[in-house]
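1. next come a sequence and a model predicted from it.
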Amino acid sequence: QPHLPLPAYQPQPPPTAPPRNGLADPIIPPKTNETTRTMAHAQAQPPPLEALSLDERAGQQGGAPPPALGQALHPQQAPQQLPPQMFTTAAQLLDLTDKKLMVALRDGRKLIGVLRSWDQFANLVLQSTSERLFTHSPPLQFADVPRGTFLVRGENVLLLGEVDLDKDDDVPVGFERGEVAEVQARVAGERTLRERREKERGKVLRGEGFVGEEGEGTF
């Protein structure tokens, strides 16, 4: 039997869904560059608030609900800590803690030690303390007497400052280091002489009507 030629293959179109309610699906045109530019322009320029509903306005303004009655409008922020240099009271000692200080007392004594503790009344606790003695008559000498841990009342502090560790071992200008016993004896003699002069001076001032530190004067 003769072989008959096969018919050429023809692709069939994809099946289409039946129309809904007798209406065919709308034809959606492909997106072009002009359509993309139009959509980007619409997103860049949102519609005015007058054309939006209340919910859409809240969403465009951030979506945050209004604060409840009695609630602060702004969230409370933690208070900022001031640096120690901003304090003018005993809190200024915070910057000097664990540092080597020179403390001058009202009676003329000078202490050098490391500040370890203090309170609101400027009572100081010094560690590795040494008392530096100076003579005021020639030859000028000085000596350091170890005192260990030293407690200083705040009302007795006249002046204090940090010691420069790079110059801690330098000899004071105009003085020379002397023996501790010798310098102590000379300082004790000078203190006795100074107290005698102050007593005589106070007696003269009280006779003139001035009030001394011990009490009321005579008028």
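-> The structure has been received and is ready for your questions. Numbering: from 1, shown residues only.

2. just checking, what packs against the lengthiest helix in the chain?
-> What stands out as the longest helix in the chain, according to DSSP state H, is helix 180-207. Helices and strands in packing contact with helix 180-207 are listed as strand 124-134, strand 141-152; criterion 3 or more CB pairs under 8 Å, 6 or more residues apart in numbering; DSSP states H and E. (Glycine included, C-beta is placed from N, CA and C.)

3. where are the low-confidence patches of this structure?
-> Using pLDDT under 70 as the threshold, the predicted model of the chain has low-confidence ranges 1-78, 82-89, 212-219.

4. ok, residue 175 - how many residues close by?
-> Residue 175: 15 surrounding residues under other CB atoms under 10 Å.

5. now residue 139
-> The burial count for residue 139: 9, using other CB under 10 Å.

6. thought it was touching residue 182?
-> No: using CB atoms under 8 Å, residue 139 and residue 182 do not qualify as a contacting pair, with a distance of 10.6 Å.

7. of all the helices and strands packed on helix 180-207, which one is nearest residue 101?
-> Each of those has some distance to residue 101 by CB to CB; the shortest is strand 124-134, at 7.2 Å.

8. that closest one to helix 180-207, inter-axis angle?
-> Per axes from the mean of the first three to the mean of the last three CA atoms, to 10 degrees, the angle that strand 124-134 makes with helix 180-207 is 100 degrees.

9. buried stuff in stretch 143-154?
-> By neighbour count, with 16 or more other CB atoms under 10 Å as the criterion, the buried positions of stretch 143-154 are 143, 150, 152.

10. which residues sit against that stretch?
-> By CB atoms under 8 Å, 6 or more residues apart in numbering, the residues outside stretch 143-154 that reach it are 90, 103, 105, 111-113, 119, 121-133, 177-180, 182-184.

11. strands of this protein, start to end?
-> For the chain, the strands identified by DSSP state E occupy 100-105, 110-118, 124-134, 141-152, 157-162, 176-177, in order along the chain.

12. could I get those as CSV with distance to residue 81?
-> As requested, the strands of the chain are arranged in CSV below (distance: least, CB to CB, whole Å):
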stretch, distance to residue 81
strand 100-105, 24
strand 110-118, 19
strand 124-134, 23
strand 141-152, 28
strand 157-162, 22
strand 176-177, 44
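
13. and of the ones you listed, who's closest to residue 191?
-> Taking CB to CB as the criterion, residue 191 comes closest to strand 124-134 out of the strands of the chain, the separation being 10.3 Å.

14. and the closest one, what's buried?
-> 124, 125, 126, 129, 130, 131, 132, 133, 134.

15. and those, which two are the farthest apart?
-> Using CB to CB, the two most remote members of these are 125 and 134, lying 24.5 Å apart.
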